[in-house]
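In: just to be clear, the model below is a prediction. Sequence and coordinates:
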Amino acid sequence: MTTSTTLTAPTFSRSLRRLYVIRAAFAVVWAALLIVASMNAGPLLTVLLVIYPLFDAGAVFWQLRADPTKDRSSASEWVNVVVSVLVAIALGIASTFSTSAALIVWGLWAIGAGIPQLISAIRNRRTGGQVPQMLSGGISVLAGSAFAIQGLQGAQSIAGVGGYATLGAIFFLVSAIRLGSIIRKESR
């Protein structure tokens, strides 16, 4: 006899809401720390740059494991996990060379993570609260392009990435609120 750890759709919605709140809180705290650390490039900045994509990979991996619809393709989410881990390594290396190199890597990651986020949000729209995630994925592609261009132009400040993370936090929070509203309506 085997037991299933797969969540039901309503339970998945509650878990997804909780995950979104955690991701929002993490992003806000991380952004504040990054803005302070970005004034002096060094080990703290490198650690912060590595932590964010690793946290993102962990969150997407958790979402993959908890998703009750195992019959659909999850390729975009797996791409996100793998790319985020590789980017954490690349950011660790790039940030030791220069801030502009780290900005280029961050920009490319934002593009690469934004596309699967958009695809995943479209696929998960039945759970509700996904429009902000769709917008976030699209904005991530645009912001990533801007970061990469800034890095290629030799920008020496990475503080703008903190604003990007804060905007992502807002989208996660809006999604969590929207999911909470849907869950309350369904439980009546």
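Out: Received it, and whenever you're ready, just let me know what you need. None of these values were measured; they are calculated from a predicted model. Residues are numbered from 1 along each chain as shown.
In: so where do the helices sit in this structure?
Out: 9-37, 43-66, 75-97, 99-123, 131-152, 160-186 (DSSP state H).
In: need those in CSV with mean pLDDT and mean neighbour count, can you?
Out: No exception for glycine: its C-beta is placed from N, CA and C like everyone else's. Compiled in CSV, those are given as follows (pLDDT from 0 to 100; neighbours: other CB atoms under 10 Å):
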stretch, mean pLDDT, mean neighbour count
helix 9-37, 89, 18
helix 43-66, 91, 18
helix 75-97, 89, 18
helix 99-123, 88, 22
helix 131-152, 91, 19
helix 160-186, 88, 19
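In: now do the contacts for the residue nearest to the spatial centre of the chain.
Out: Central residue of the chain (CA atoms, centre = their mean): Asp56, 4.8 Å from the mean position. Applying CB atoms under 8 Å, 6 or more residues apart in numbering, one finds that Asp56 lies in contact with Asn80, Ser84, Ala113.
In: look up how far Asn80 lies from it.
Out: Asp56 sits 8 Å away from Asn80, going by CB to CB, to the nearest Å.
In: what of Gly58?
Out: Gly58 is 11 Å from Asn80, by CB to CB.
In: repeat that for Leu118.
Out: Distance from Leu118 to Asn80, by CB to CB: 11 Å.
In: wait, Ser95 sits on Leu103?
Out: No - assessed by CB atoms under 8 Å, Ser95 is found out of contact with Leu103, at 9.5 Å.
In: that older thread, list the residues that are in contact with both of Asp56 and Asn80.
Out: Ala113.
In: what residues are up against the closest residue to Ala88 other than its chain neighbours?
Out: Closest residue to Ala88 apart from its sequence neighbours, by CB to CB, 6 or more residues apart in numbering: Pro53 at 4.3 Å. Pro53 makes contacts with Ser84, Val85, Val87, Ala88, Leu91, Trp109, Ala113, as judged by CB under 8 Å, 6+ apart.
In: got TSV for those, with distance to Arg184 too?
Out: TSV is the format used below for the contacts of Pro53 (distance: CB to CB, whole Å):
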residue	distance to Arg184
Ser84	32
Val85	36
Val87	37
Ala88	37
Leu91	39
Trp109	35
Ala113	31
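In: so which pair among those residues is furthest apart in space?
Out: Leu91 and Ala113 (12.6 Å; CB to CB).
In: quick one: the residue nearest to Ala88 from Leu19, how far?
Out: 17 Å.
In: tally of neighbours for Gln153?
Out: 10 (other CB atoms under 10 Å).
In: got the phi/psi numbers for it?
Out: phi -90, psi 0 (degrees, to the nearest 10).
In: quick one: the residue lying closest to it once chain neighbours are set aside from Ser15, how far?
Out: In this structure, Gln153 finds its nearest non-sequential neighbour in Ser100, 7.8 Å apart by CB to CB, 6+ apart. From Ser100 over to Ser15 the distance is 39 Å, taken as CB to CB.
In: alright, that wraps it up for me.
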